[in-house]
Every structure is written in C-alpha cells, then in structure tokens.
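> Make a model of this:
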Amino acid sequence: MRENKMKKIRIAAAGDNCMDVYDKENKAFPGGNPVNVAVYVARLGGASAYIGPVGTDVYGKQMMDAIQGKGVDVSRMKILEGTTAVTHVEIVDGDRVLGDYEEGVMADFKLDAEDIDFLSSYDMVVSGLWGMIENDLPVLKEKGAIVAFDFATRPDDPVSVKAIPYVDYGFFADDDKDEEELKKMLIDLHAKGPKVMVVTRGEKGSMAYDGEKFYYGGIVPCEVVDTMGAGDS
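Okay, the predicted model is just below:
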C-alpha cells in the first residue's frame, strides 16, 4: 500500500525584525511580523527562511541566534554596521502598548538579486508594511512568487497602496469597525489585486473575502497575558 505524504510547505519571510524591549521588566524578546511567521511555520513542521537585517550590537546576535534556534534558515540574513531595530513595549491590562521605535539598520535594508531569486524559490513569500520590500514585489511577481502581505492597521498607507496590486493574500487588523464596514473594506481591497483579503478583529476573530463569499474564523478563548504577536499568528 502506498502511503500518501503531504508536501511540506516552504515559506520565505522577508522584511522587518525588531527587539521588543519591555523597559519596566528589563526584558527583551525577538520579534517582527515576518520573523514571527517564519518561526510559526517551522513550529508547524514546514520549512521556512527569513531575510532581514540585524546590527552589530548584542541584540543583533540575540535575534539571529533565536531565529536560527527555531529551525528557520537564516543563511541570507544581513549583518549591517549599526544597531538592531528596537520597539519599546508596555503591558497595560494584558494588552501590549507600543512605544518608541528605533529603526536602526532596518533603514538601510534592501533585497539584492540573489535574495529575490532565493525568495522566489519558495512556495510563498511573506512580508508586511514595515518590511521595506514593497519596491521589489513587481520583480518577485514576475518570477512567479506567491505573495502574502500584512498591511497592519494601515491598508490605506502609501506603502500598502504601492504593494497591494502584487499581493495574493492580504491581511490587515481592525478591532473597531462593525462587520458591514469591514465587508465593504474587504471588497474594495480585494478589487485592487489580492485573491483573498483577511481582516483580523482581536477577540471578534477574523473575516476573509475571496471575491465570491465571506468566511469567518473564531478565536480560542484564553486568559490574555500579552497580545504581542497575536495578529502575526
């Protein structure tokens, strides 16, 4: 009897990383949307890679070691002279509140031709609003890449507007608007290019639109300690 084996999904993430620094607790943790996605894919048994820059500081080594330690391919990460990006974070009633952001070497991040070839060899490329790769999306699409992109809470940001025609699976977050408002947004955004648009709504779950119908996803009730990375998952 022949055993059916599912193909292992291969996802490459590119763009921002940052150290989430909890100043009051004097703790720091690696993060960033593409980083989180790459780690989650590896945890689920897939193959993942991450391309992004870290600095020559202590945080840079901590970031790179942590990502590699989760089983993610870091062979094309960049070590640039300077400081690793940092986001200062405070926890208020279990919800993470983002403070000052120090961009560091992220300001100088660019993909090169070899990076684009590497990314295109994967089943999907994942990035987001602060990933600094929006100008590379047309080339990635020319090479046949399937692109997932997180517009964060800003689907109308100039970067989002530039990226969306080249996105196959788009995501954004909105905890405030009602369902009818969000349905209209999903329809409007879908018309700009993506095959599927998804909005995450915090405790209200998520909603997706594929051009024909809407789909709904719930949540797993839990005691919330820290919402950091919840949307990325």
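> what pairs with the helix or strand bottoming out on mean pLDDT in the chain, and is each one parallel or antiparallel?
None of the helices or strands of the chain scores lower by mean pLDDT, DSSP states H and E than strand 95-102, at a mean of 83. Its sheet considered, strand 95-102 pairs with strand 86-92 (antiparallel) by DSSP bridges.
> Please identify the buried residues of the strand it pairs with?
By neighbour count with 16 or more other C-beta atoms under 10 Å, strand 86-92 contains the buried residues Val86, Thr87, His88, Val89. C-beta here means a position set from N, CA and C on the backbone, and glycine is covered the same way.
> So, low pLDDT: which residues of this protein?
1-5, 94, 226, 228-233 (pLDDT under 70).
> Quick one: the strands in it, in order.
10-14, 18-22, 27-31, 47-51, 53-54, 78-79, 86-92, 95-102, 124-128, 147-150, 169-173, 196-200, 206-209, 214-217 (DSSP state E).
> Compile these into TSV and extend it with columns for distance to Glu134.
Formatted as TSV, the strands of the chain follow (distance: least, C-beta to C-beta, whole Å):
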stretch	distance to Glu134
strand 10-14	11
strand 18-22	18
strand 27-31	21
strand 47-51	15
strand 53-54	16
strand 78-79	18
strand 86-92	20
strand 95-102	18
strand 124-128	8
strand 147-150	8
strand 169-173	13
strand 196-200	17
strand 206-209	22
strand 214-217	27
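> and the least confident helix or strand of the chain, how far out from the chain's middle?
Relative to its chain's centre, strand 95-102 lies at 17 Å (C-alpha atoms, centre = their mean, to the nearest Å).
> Which strand residues bridge the closest residue to Arg76 other than its chain neighbours?
Leaving aside its sequence neighbours, Arg76 sits nearest to Ile51 (C-beta to C-beta, 6 or more residues apart in numbering; 4.7 Å). Applying DSSP bridges to Ile51 yields these beta-bridge partners: Ala14.
> Next, the contact list for Ile51, please.
Neighbouring residues of Ile51 by C-beta atoms under 8 Å, 6 or more residues apart in numbering: Ala12, Ala13, Ala14, Gly15, Arg76, Met77, Lys78, Leu111, Asp115, Phe118, Leu119.
> Now with 7 Å, please.
Residues counted as contacts of Ile51 (C-beta atoms under 7 Å, 6 or more residues apart in numbering) are Ala14, Arg76, Met77, Asp115, Leu119.
> And Tyr101, by the same measure?
Contacts of Tyr101 (C-beta under 7 Å, 6+ apart): Thr87.
> separation between it and Gly32?
Between Tyr101 and Gly32 the computed distance is 11 Å (C-beta to C-beta, to the nearest Å).
> Likewise for Tyr215?
27 Å.
> of the two, who's got more company?
Higher neighbour count among Tyr215 and Gly32: Gly32, with 27 against 11, using other C-beta atoms under 10 Å.
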